[in-house]
Every structure is written in C-alpha cells, then in structure tokens.
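Undergrad: sequence first, predicted model second:
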Amino acid sequence: MVERRASEEAQRTPAEDGFSMPPEWGPHAGCFISWPCRELTWKGHFEDAKSAYSAVIKAIDRRDPVSVLADPVTVQEARRRLGAEAEILEIALDDSWARDNGPIFVRREDNRLALVNFRFNGWGRKQPCEKDDKLPILLAERMRIRRYDAPMILEGGAISIDGDGTLLTTEQCLLNVNRNPGMSKKEIQQILASYLGIRKVIWLARGVEDDMTDGHVDGVAGFAKPRVVLAAHTKDGSDPNHRNLEENMARLESATDAKGRALEVVKMVQPRPMLVGNVRITPSYVNLYFANGAVVFPIYGIREDNLAHETLASLFPEREIVGVRCEHISIGGGDVHCITQQVPTGQPLYP
C-alpha cells in the first residue's frame, strides 16, 4: 500500500477543532460522481450502466453542480457522453462509487469546511482498491482543503447522520472482521465521534441479503430529517429481506437520538429482489440523494415506483421528487446514493 502523507493536523481530530458532518439534506456547493471505468463490475451491462450514470448526473447537475471524476482512460468518453459543459476531473480510479471511496466533508460554525479521509479496502478486500483508497488525498490537494486522516476503514454508504449528533449504521458492516479486525464497537464509536462530530450511534442489525458491501445502511434506512428515519419495509413474509427489515424496524422504533428524542420511522416500500437480464438485484428506494430543492431517487420500472414517489412527496412537500431509472446501476451493487458524494456549502479551510 502506498505510504500516506501525514496531515498537518494529524495530532488533532475534527471534533477537537469544532467540525462535524452536516446532514445530507443541507445546502450543497456541488457533488462528486465517478464515471464507470471497471467493466467487470457491470456483469455484461457496462453500456447500460454508463447510460444510467449519465441520467443521474444530469438530474443532479440541474441543482448541484456535478464534478465528474474520470480515470485517465475514460476521460474522453465521459466528455463525449456528458457534453462539453460537463466538469470532468481526470483522476486515477479503480471503480466508480464516490460515496464509498470518496471524502467525507465536515463543517464548523464559522462555515469552514474540512475533509475526512477514511481508509478504503475494496469492501473487505473484494476487489482492487489502491487508487480508490487514495482518492480523498488527491481531492484534498486539488481543493486545497484541510485533511484529517481517520484511523479506520469506513465507506460513506455504511453511515447516515442526522446533523444533531446521531449516526445510523449496521453491525453487519462496521463490525465485520474484513474491515477493522480487532477493533471493538466502543472503539469504533469513539473514532466516529472524533472524526464526524457525532455523540450517539444507533446500531441496526443487517442490510439486504447478498449485498457485496456487507450490509451498508444506505440500502435499508437513512435519516431524512432530524429525528426522522426513512426505513425499507415489506409485509411479504416470504421476501428474503423480511426478517432483516423487521429486526431493523424494531430497533428503530425503540431507539432515541442523541438528544433523547424517540425516532419517527417512515416506512418505505421494499420490492422483492428482481432480475435484470440474468443478474439478481435488490431495489432500494431509500438509496437516494438530497439535491438542492429536490430528492433524486432510484426507480426500476415496477409498480412500487409510484408508491415510493408518493411517500417521498408526502415527506418532502417542499422538494421536487425526481425518479431516475437505476436497475443497471444496481447490477454493480448500489443506487443513487452509492454513486454520489455531496459537497456542503462552506469555505474550504487550508491547510
């Protein structure tokens, strides 16, 4: 593994310097999305995946300026498919999941931004990741923004925060021996508090079945507002995800946030797994992106799409609800949230 340059603030943490991770529904200055570059990820649907990425990029770029990260071998293709107006940043990549291998931004009360660099090991050493592991370092240098190097492996899709001190995750992922072996739950919570500014962790049990991310929370639940959690739910007892979702629901309904408030749990319809070509996917409507003035969420060309739209429209009457076909992104293991990484508004602090 390439040796990492120590941050000038290595002896301090973001929380000690007054930083915390803002909620995803706050105002954004932009969004990072990585252009698909690993054909093996897409199981024979590479071109379909690129078309789906293009649709997500265009839906978000109308609201949050999108910076498309492109590996050198894909830069010209990205320019051709996205148009001359697209902002393309050439940067070395292994794959195209900016939520998981990209930076996590933190902000403090004076509106200064910094960047947290968690380690990335290819979802538990499942695929090559040396380039993706270095992505936050390279972006910090380009953005001229202070970088904090966190002493643990963490993907952005494994967490959801409410902006009031509470973080939501799953035991299946964060306690997995393929991420941080030997690290206790208490130690993980302490690092999350130090680097993201949270005060409480709510632990769900598991994500969806057959998830290559080992149960990322963004496939099953996420904060939608302070105290409000959007959670996948199915009444179908034969659904392979029914048991996991029921256990997660029970934990949410008995949990309190960092301020001691009971959670309001909004149930989001969870469709059964489906086939795209010969590939089995599990749709996830909670895997969405909060853009400025909008919610961009995945749809799959099935009847549940309308139910999901109705739930989101009721929950966010002040936002435009935008559905984008994502079944071919799901083939790679994620949806809208997985391929995006928001950049909050604020002034970068450097060094």
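TA: Ah, there it is.
Undergrad: relative to Val229, how far out is Met249?
TA: As judged by C-beta to C-beta, to the nearest Å, Met249 and Val229 stand 10 Å apart. Heads up, the C-betas are built off the backbone N, CA and C, glycines and all.
Undergrad: for the chain, give me the ranges with low pLDDT.
TA: Along the chain, segments meeting pLDDT under 70 span 1-10.
Undergrad: can you map out the helices along it?
TA: Under the criterion DSSP state H, the chain contains helices at 46-61, 75-82, 98-101, 122-125, 130-133, 135-143, 171-174, 185-196, 242-254, 304-315, 327-330, 336-339.
Undergrad: between those, which gets nearest to Pro271?
TA: Pro271 sits nearest to helix 304-315 of all the helices of the chain, at 4.6 Å, using C-beta to C-beta.
Undergrad: what's the closest one in contact with?
TA: Residues outside helix 304-315 that contact it (C-beta atoms under 8 Å, 6 or more residues apart in numbering): 224-225, 228, 230, 266-269, 271, 283, 285, 288, 295, 297, 299, 321, 323.
Undergrad: stretch 319-331 too?
TA: Contacting residues not belonging to stretch 319-331 are listed as 42-43, 45, 48-49, 51-53, 55-56, 59, 274, 276, 279, 281-284, 290-291, 293-301, 305, 308-309, 312-313, 335-336, 338-339 [C-beta under 8 Å, 6+ apart].
Undergrad: quick revisit: buried deepest among the helices of the chain, which one?
TA: For the helices of the chain, the largest average neighbour count (mean count of other C-beta atoms under 10 Å) is found in helix 336-339, namely a mean of 28.
Undergrad: which helices and strands sit right next to that helix?
TA: helix 46-61, helix 98-101, strand 294-299, helix 327-330 (3 or more C-beta pairs under 8 Å, 6 or more residues apart in numbering; DSSP states H and E).
Undergrad: next one: that helix to chain centre, how far?
TA: A distance of 6 Å separates the centroid of the chain from that of helix 336-339, by C-alpha atoms, centre = their mean, to the nearest Å.
Undergrad: same list (the helices of the chain) but as a markdown table, adding distance to Glu16.
TA: Shown next, in a markdown table, are the helices of the chain (distance: least, C-beta to C-beta, whole Å):
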| stretch | distance to Glu16 |
| --- | --- |
| helix 46-61 | 33 |
| helix 75-82 | 39 |
| helix 98-101 | 26 |
| helix 122-125 | 30 |
| helix 130-133 | 25 |
| helix 135-143 | 19 |
| helix 171-174 | 22 |
| helix 185-196 | 7 |
| helix 242-254 | 31 |
| helix 304-315 | 35 |
| helix 327-330 | 38 |
| helix 336-339 | 29 |
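Undergrad: Asn111: which of the ones you listed is closest?
TA: It is, among the helices of the chain and with distance given as C-beta to C-beta, helix 135-143, at 15.5 Å.
Undergrad: starting at the chain centroid, how far to the closest one?
TA: Its chain's C-alpha centre and that of helix 135-143 lie 18 Å apart, by C-alpha atoms, centre = their mean.
Undergrad: what is it packed up against?
TA: Applying 3+ C-beta pairs under 8 Å, 6+ apart, one finds that helix 135-143 contacts strand 112-119, strand 147-153.
Undergrad: quick one: strands adjacent to the shortest one?
TA: Applying DSSP bridges, strand 147-153 is found paired with strand 112-119 (parallel).
Undergrad: residues contacting the strand it pairs with, please?
TA: Outside strand 112-119, the residues within contact range by C-beta under 8 Å, 6+ apart are 7, 14, 17, 19, 21, 103-108, 133, 136-137, 139-140, 143, 145-150, 152-155, 195-196, 344, 346-349.
Undergrad: filter the residues you listed to the buried ones?
TA: Among these, the ones that count as buried by 16 or more other C-beta atoms under 10 Å are 7, 14, 17, 19, 21, 103-108, 133, 136-137, 139-140, 143, 145-150, 153-155, 195-196, 344, 346, 348-349.
Undergrad: against His309, how distant is the closest residue to Leu93 other than its chain neighbours?
TA: Computed as C-beta to C-beta, 6 or more residues apart in numbering, the closest residue to Leu93 that is not its neighbour in sequence is Asp71, at 4.2 Å. Distance of Asp71 to His309, computed by C-beta to C-beta: 34 Å.
Undergrad: burial check on Phe120, number of neighbours?
TA: Neighbours of Phe120 under the rule other C-beta atoms under 10 Å: 23.
Undergrad: next one: Ser238
TA: Count around Ser238 with other C-beta under 10 Å applied: 7.
Undergrad: Pro72 too?
TA: 11.
Undergrad: about what we covered before: mind giving me the ChimeraX command for buried ones among the contacts of helix 304-315?
TA: This is the ChimeraX syntax for the buried subset of the contacts of helix 304-315, where burial follows 16+ other C-beta under 10 Å:
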select :224,225,230,266,268,269,271,283,285,288,295,297,299,321,323
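Undergrad: in strands only, show me the contacts of helix 304-315.
TA: 224-225, 228, 230, 266-269, 295, 297, 299, 321, 323 (DSSP state E).
Undergrad: export these as JSON lines, with columns for distance to Trp97.
TA: Formatted as JSON lines, those follow (distance: C-beta to C-beta, whole Å):
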{"residue": "Ala224", "distance to Trp97": "22"}
{"residue": "Lys225", "distance to Trp97": "26"}
{"residue": "Val228", "distance to Trp97": "26"}
{"residue": "Leu230", "distance to Trp97": "21"}
{"residue": "Val266", "distance to Trp97": "26"}
{"residue": "Lys267", "distance to Trp97": "27"}
{"residue": "Met268", "distance to Trp97": "22"}
{"residue": "Val269", "distance to Trp97": "25"}
{"residue": "Val295", "distance to Trp97": "20"}
{"residue": "Phe297", "distance to Trp97": "18"}
{"residue": "Ile299", "distance to Trp97": "20"}
{"residue": "Ile321", "distance to Trp97": "24"}
{"residue": "Gly323", "distance to Trp97": "21"}
